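[1] what follows is a predicted structure for the sequence shown.
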2 protein chains.
Amino acid sequence: MKEKPQIEDVKKAKEQIKGYIHRTPVMTSQTLNKMTGRKLFFKCENFQKTSSFKIRGATNAVLSLSQTEASRGVATHSSGNHAAALAQAARWRNIPAYVVMPNTAPQVKQAAVAGYGAQITFCEPTLAAREAGLREVIACTGATEIHPYDDYRVIAGQGTAALELLENNPDLDTVLTPVGGGGLLSGTAIVATAMLPHIQVIGVEPQAADDAYRSLQAGHRIEAGPTNTVADGLRTSLGYKTFPIIQHLVSEIITVSEEEIVQAMRFVWERMKIIIEASSAVPVAALLSGRLHTSRRRVGVILSGGNVDLKQLPWM
Amino acid sequence: MKEKPQIEDVKKAKEQIKGYIHRTPVMTSQTLNKMTGRKLFFKCENFQKTSSFKIRGATNAVLSLSQTEASRGVATHSSGNHAAALAQAARWRNIPAYVVMPNTAPQVKQAAVAGYGAQITFCEPTLAAREAGLREVIACTGATEIHPYDDYRVIAGQGTAALELLENNPDLDTVLTPVGGGGLLSGTAIVATAMLPHIQVIGVEPQAADDAYRSLQAGHRIEAGPTNTVADGLRTSLGYKTFPIIQHLVSEIITVSEEEIVQAMRFVWERMKIIIEASSAVPVAALLSGRLHTSRRRVGVILSGGNVDLKQLPWM
């Protein structure tokens, strides 16, 4: 896919991946509706295969490869949900997945990615070492890199979550997603603005990694500095492909504090009885902290994933 | 209700409470199906109002009271899910709820019950003190005692969870529930055996509180000794009303170890991304430990509740 995806590309992605992924449920919570004075609709990607929306984009990208490309495998450098998703998608197509991972990655993440059948190469925990490691793996294997967000096939795949949400709830006036690299946000914006011209798509990110907020303010892409936000899925910077889509289609970026993220995460666990990871709690934090304009009444929220180390909870 | 409930009583209970409670979803898990070699259907009472099935029986009992009885309020001694459920049901009917609670009850439980509007009386942490405290409250207020399980209105109400489950999944061959006092198990057995004569209803309890197992073996009701099982909702003994129903209609009682319960609880959190309390993990433990006869292929499991202190997880 050489050009910016349109809603037709997201619809094609949906057809392409539908035999593999879950159509996740949309949950509601009377408690949260009452507290926020709105009607909220939570798209539960924590219940998705590999426990995050990342499987949508990874599967769409893997299934889009030609037979020749695919036979040499796919590769990425990541220690998070994209690596697990890519490994699972590659296994479905019965091709190798190569993952370059910092040697400091937590044991649980290594085990998860290995569990989906990926071949892991360890490197020093710097971006330069990760990129060099990936180049080397690709040189040796001829594998195709599948970037976690700066790839139009991935963006189109991520958009399928919002497509399902808006098929279920065509009367939303707002959709909130977390924003890290911007794959989920840009895919969501493509779908939502095409289906409902008056809808607002809003990205929410940690104050501690507010590169999307600053990029939109500045009118050009600004890199996130090093950050330790608890929302570990959102530490990356917007991509070269995701930034212009977001700049064009997203209404606003809201930022939230670390404390607000942890409180929102715990609140969802306690009241909704579902397990979401900190990155998923970021848009919920925007709602609970009153940062969303009161005119937004029917709000969809994409709960992006549920991968959490149950021995290391951020409120303990 | 003077006589043992029949399925018609459960159907009436369902009509009576339906404007108040949730019809909870039935979840499936391909991972758990694969691991156990069965098709499993989880009735998610952790998503229920007050986060447990107890609201079904409490609401049915409260709504069954005459106006005169109701006006004097309802009372119970409990520190757990029944107390919260009774408080919520009383609030819906706009009548007082009196809860006698041991002064050792965890702060989170006190706060939960108070949060639903109950008037709490503290007592020493012995059964004798709790019963004396309850008698005194009733003498002062004229409130009606609503027992957590040894009450036919409560039993009929608890049966509504299985009624919904079997309406959704009429092809089950087995239903598993945890068993403590036996309200959920007896209500489930009344419904399931009336709807599907060949179904087996099986209760699962901690080895550390195996009074139901021993009672069925002995042919008469045996009290549970003092126990500290992690499944804190299952420390009670079968009731005088629940025992004969269970003796008549339940196929088998399976027991599981403390370690199996904690592992099953963690497994559900990690793989299904939902929060269940230890008592709910007890039937899952029977499945994961291979204690259920292999001929049982399509198994319904009632996940009884999701009230957990998120600062004190049993695997930490």
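    That came in fine, so what should we check first? If you're wondering where the values come from, they're calculated on a predicted model, not measured in any experiment.
[2] identify the residue spatially nearest to whichever residue of the stretch 151-300 of chain A sits closest to chain B, adjacent ones excluded.
    Scanning the stretch 151-300 of chain A for proximity to chain B using CB to the nearest CB identifies A:Lys273 as nearest, at 3.9 Å. Where C-beta positions appear, they are placed from N, C-alpha and C, glycine not excepted. Leaving aside its sequence neighbours, A:Lys273 sits nearest to B:Gly306 (CB to CB, 6 or more residues apart in numbering or on different chains; 3.9 Å).
[3] now do the end-to-end distance for stretch A:225-232.
    Length of stretch A:225-232, first residue to last, CA to CA, to the nearest Å: 14 Å.
[4] anything in that stretch near chain B?
    No: residues of stretch A:225-232 contacting chain B under CB under 8 Å from any CB of the partner chain: none, with a closest distance of 15.4 Å.
[5] what comes up buried for that stretch?
    A:Thr227, A:Thr229, A:Val230, A:Ala231, A:Asp232 (16 or more other CB atoms under 10 Å in any protein chain shown).
[6] now render those as TSV, adding secondary structure and pLDDT.
    Shown next, in TSV, are those (DSSP: H, G, I helix; E, B strand; the rest coil; pLDDT from 0 to 100):
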residue	secondary structure	pLDDT
A:Thr227	coil	87
A:Thr229	coil	94
A:Val230	coil	95
A:Ala231	coil	95
A:Asp232	helix	91
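[7] so where does the nearest residue to A:Gly233 once chain neighbours are set aside fall, helix or strand?
    In this structure, A:Gly233 finds its nearest non-sequential neighbour in A:Ser279, 3.6 Å apart by CB to CB, 6+ apart. Using DSSP states H and E, A:Ser279 sits within helix A:278-288.
[8] now that helix: mean pLDDT?
    Here helix A:278-288 scores 98 as its mean pLDDT.
[9] following that helix, which helix or strand comes up?
    Once the chain leaves helix A:278-288, the next helix or strand it forms, by DSSP H and E, is strand A:298-303.
[10] quick one: strands adjacent to that next one?
    Counting by DSSP bridges, the strands paired with strand A:298-303 are strand A:39-44 (parallel), strand A:174-178 (parallel).
[11] quick one, which of those is nearest to B:Ile120?
    Between B:Ile120 and the strands paired with strand A:298-303, the shortest gap by CB to CB is with strand A:39-44, which sits at 31.9 Å.
[12] chain A: helices as residue ranges?
    Using DSSP state H, the helices of chain A run over A:7-17, A:30-36, A:54-64, A:67-71, A:81-93, A:107-115, A:127-141, A:152-168, A:183-195, A:211-218, A:242-249, A:258-272, A:278-288.
[13] and chain B, is the longest one touching that?
    No: when contact is scored as CB under 8 Å from any CB, no part of helix A:152-168 falls within range of chain B; the minimum is 14.2 Å.
[14] one step back: would you single out the least confident of the helices of chain A?
    helix A:107-115 (a mean of 87).
[15] how far does that one sit from its chain's centre?
    19 Å (CA atoms, centre = their mean, to the nearest Å).
[16] distance check, the residue of chain A most remote from its centre against chain B.
    In chain A, the residue that sits farthest from the middle, by CA atoms, centre = their mean, is A:Cys140; the gap is 29.2 Å. From A:Cys140 across to chain B, the span is 33 Å (CB to the nearest CB, to the nearest Å).
[17] same question for A:Asn94.
    19 Å.
[18] that residue - how many residues pack around it?
    9 (other CB atoms under 10 Å in any protein chain shown).
[19] cool, and A:Lys12?
    Neighbour tally, A:Lys12, other CB under 10 Å: 17.
[20] check contacts around it.
    Residues in contact with A:Lys12 (CB atoms under 8 Å, 6 or more residues apart in numbering or on different chains) are A:Ala156.
[21] quick one: it from chain B, how far?
    From A:Lys12 to chain B the distance is 26 Å (CB to the nearest CB).
[22] one more: A:Pro96?
    From A:Pro96 to chain B the distance is 23 Å (CB to the nearest CB).
[23] for the residue lying closest to that residue once chain neighbours are set aside, what are phi and psi?
    Residue nearest to A:Pro96 in three dimensions, not counting chain neighbours: A:Gly73, with 3.5 Å by CB to CB, 6+ apart. Backbone geometry at A:Gly73, expressed as degrees, to the nearest 10, gives phi 90, psi 180.
[24] for A:Gly73, give me its contacts.
    A:Ala90, A:Ile95, A:Pro96, A:Ala97, A:Tyr98, A:Thr141, A:Gly142, A:Ala143, A:Thr144.
[25] tell me what A:Ile202 is bridged to.
    Going by DSSP bridges, A:Ile202 forms beta bridges with A:Leu176, A:Glu252.
[26] give the contact list for it.
    So A:Ile202 contacts A:Thr174, A:Val175, A:Leu176, A:Thr177, A:Val250, A:Ser251, A:Glu252, A:Ile253, A:Ile254, A:Ala286, A:Leu292 (CB under 8 Å, 6+ apart).
[27] same thing but 10 Å
    A:174-177, A:179, A:185, A:188-189, A:250-254, A:283, A:286, A:291-293, A:296, A:299 (CB atoms under 10 Å, 6 or more residues apart in numbering or on different chains).
[28] mind checking how far the closest residue to A:Trp92 other than its chain neighbours is from chain B?
    Spatial nearest neighbour of A:Trp92, chain neighbours left out: A:Tyr20 (5.7 Å); criterion: CB to CB, 6+ apart. Per CB to the nearest CB, A:Tyr20 is found 12 Å from chain B.
[29] contacting residues around A:Ala156?
    With contact taken as CB under 10 Å, 6+ apart, A:Ala156 is in contact with A:1, A:4-14, A:16-17, A:56-57, A:60-61, A:64, A:183, A:186-187, A:190-191.
[30] sounds good, over and out.
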